[in-house]
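> everything below, folded, please.
(one chain, ligands or ions: 1)
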Amino acid sequence: TVLAALESGVLKLTLNRPDKLNSFNEEMHVALRVQLERAHREDAIRAVLLTGAGRGFCAGQDLGNRDPRKGGPKPDLGHTLQTYYNPLLRLIRSLDKPVICAVNGVAAGAGANIAIACDIVLAARSAKFIQAFAKIGLIPDAGGSWSLTRILGEPRAKALTLTAEPLPAETAAEWGLIWKAVEDDALMNEATSLAEKLAAGPTLGLGLTKRLIQEAATNDLDSQLDRERDCQREAGLSEDYAEGVTAFLEKREAEFRGR
Ligand code: LHQ
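Numbers count the residues shown, from 1 in each chain. Sure, this is the predicted structure:
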């Protein structure tokens, strides 16, 4: 349910239930988690590229396997979040390597918010982001209530989540929700070359950068300045910093090794 391929330092993960618009069942959750844990562990992986197979990116939770018409006990969706979505979000945000998301088509519900949680999001011009939760009586999960509010502010976050109106990729880019919208047939090339470029970068410094930017949301300036001091100290000790400065002085491209 998740295709994984490691090439040029990029772990490409393709959500692969195309006939269900790559909506999440338990098997796909576990498969994605296994791959992200691997990305945390393996030094050879220096960037992750997440995308979807077929015409959609991800339609959120698979709504097909819990049919309320069949009766039975009411589901505990809190348990589903605790067991699957929350750990997934934490794995993406805490990975000290860039996660690029190529949104190849519709991203709905938790699918939209998983995309938004990635570090750099490119979307096909035809893709749409839908906070579909309100249509089925749920609340925005997979970090959406947090990320949408921080990125867009309350007015747009509330309008999107209360109405469940689709947001076209280009508007998402104009609003700063994603990095950019690109022509459909250029998406994978552009996302792949971006991921490869980042994978060839100073991985340690990039990881610290990602962490600092994320921490800024909740730090005050004084704490953030302290964190910059500590992280710069660490970056300054890396082999890649020495190589970067040497390459600059020698007027050549740096060859970073990710440490
Ligand atoms: C699907 C799905 C889907 C199953 C399309 N499931 N089959 C967390 C905790 C626990 C529980 C609950 O939820 C959550 C978080 C969430 O993510 S809640 C939000 C869940 N997602 C949605 O509400 C979105 C549901 N899907 C849609 O609204 C539409 O499919 C969109 C707008 C995404 C795409 O519309 P279309 O392009 O018109 O495609 P379609 O509706 O025809 O879908 C194609 C097929 O995919 C179809 O199957 P079929 O056998 O009829 O061809 C759909 O049934 C299936 N599919 N989403 N979430």
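> CA atoms for contacts and neighbours, from now on please.
OK.
> enumerate the residues of the stretch 1-150 of the chain near the ligand.
19-21, 23, 59-64, 77, 80-81, 106, 108-110, 132-133 (Cα under 6 Å from any ligand atom).
> just the buried members of these?
Lys20, Leu21, Ser23, Ala59, Gly60, Gln61, Val106, Ala108, Gly109, Ala110, Ala132, Phe133 (16 or more other Cα atoms under 10 Å).
> can you redo those as JSON lines with secondary structure and pLDDT?
Below are these laid out as JSON lines (DSSP: H, G, I helix; E, B strand; the rest coil; pLDDT from 0 to 100):
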{"residue": "Lys20", "secondary structure": "helix", "pLDDT": "98"}
{"residue": "Leu21", "secondary structure": "coil", "pLDDT": "98"}
{"residue": "Ser23", "secondary structure": "coil", "pLDDT": "98"}
{"residue": "Ala59", "secondary structure": "coil", "pLDDT": "98"}
{"residue": "Gly60", "secondary structure": "coil", "pLDDT": "98"}
{"residue": "Gln61", "secondary structure": "strand", "pLDDT": "98"}
{"residue": "Val106", "secondary structure": "strand", "pLDDT": "99"}
{"residue": "Ala108", "secondary structure": "strand", "pLDDT": "99"}
{"residue": "Gly109", "secondary structure": "coil", "pLDDT": "98"}
{"residue": "Ala110", "secondary structure": "helix", "pLDDT": "98"}
{"residue": "Ala132", "secondary structure": "helix", "pLDDT": "98"}
{"residue": "Phe133", "secondary structure": "helix", "pLDDT": "98"}
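> max pairwise distance over those: which two?
Lys20 and Phe133 (17.2 Å; Cα to Cα).
> okay, strands next: where are they in the stretch 101-250 of the chain?
Secondary structure of the stretch 101-250 of the chain (DSSP state E, counting those that start in this stretch): strands at 106-108, 120-124, 128-130, 167-168, 180-182.
> for Gln224, find the nearest of the ones you listed.
strand 120-124 (22.1 Å).
> how far is that closest one from where the chain is centred?
10 Å (Cα atoms, centre = their mean, to the nearest Å).
> how does this protein divide into domains?
2-199, 203-249 (automatic domain parsing).
> of the ones you listed, flag the one that's most buried.
Mean neighbour count (mean count of other Cα atoms under 10 Å) peaks for domain 2-199 among the domains of the chain, with a mean of 19.
> tell me which residue of the stretch 151-259 of the chain lies closest to the ligand.
Pro166 (8.2 Å; Cα to the nearest ligand atom).
> where does the chain have low pLDDT?
The chain contains no residues with pLDDT under 70.
> find the centremost residue of it, please.
The centroid of the chain falls nearest to Cys118 when counting by Cα atoms, centre = their mean (1.8 Å).
> which residues touch Ile45?
By Cα atoms under 8 Å, 6 or more residues apart in numbering, the contact set of Ile45 is Leu6, Gly9, Val10, Leu11, Ala39, Ala199.
> mind redoing it with 10 Å?
6-12, 38-39, 97, 199, 203, 258 (Cα atoms under 10 Å, 6 or more residues apart in numbering).
> kindly reformat these as CSV containing secondary structure and distance to Lys128.
Formatted as CSV, those follow (DSSP: H, G, I helix; E, B strand; the rest coil; distance: Cα to Cα, whole Å):
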residue, secondary structure, distance to Lys128
Leu6, strand, 28
Glu7, strand, 29
Ser8, coil, 30
Gly9, coil, 29
Val10, strand, 26
Leu11, strand, 25
Lys12, strand, 22
Arg38, helix, 30
Ala39, helix, 28
Lys97, coil, 26
Ala199, helix, 28
Thr203, helix, 31
Gly258, coil, 35
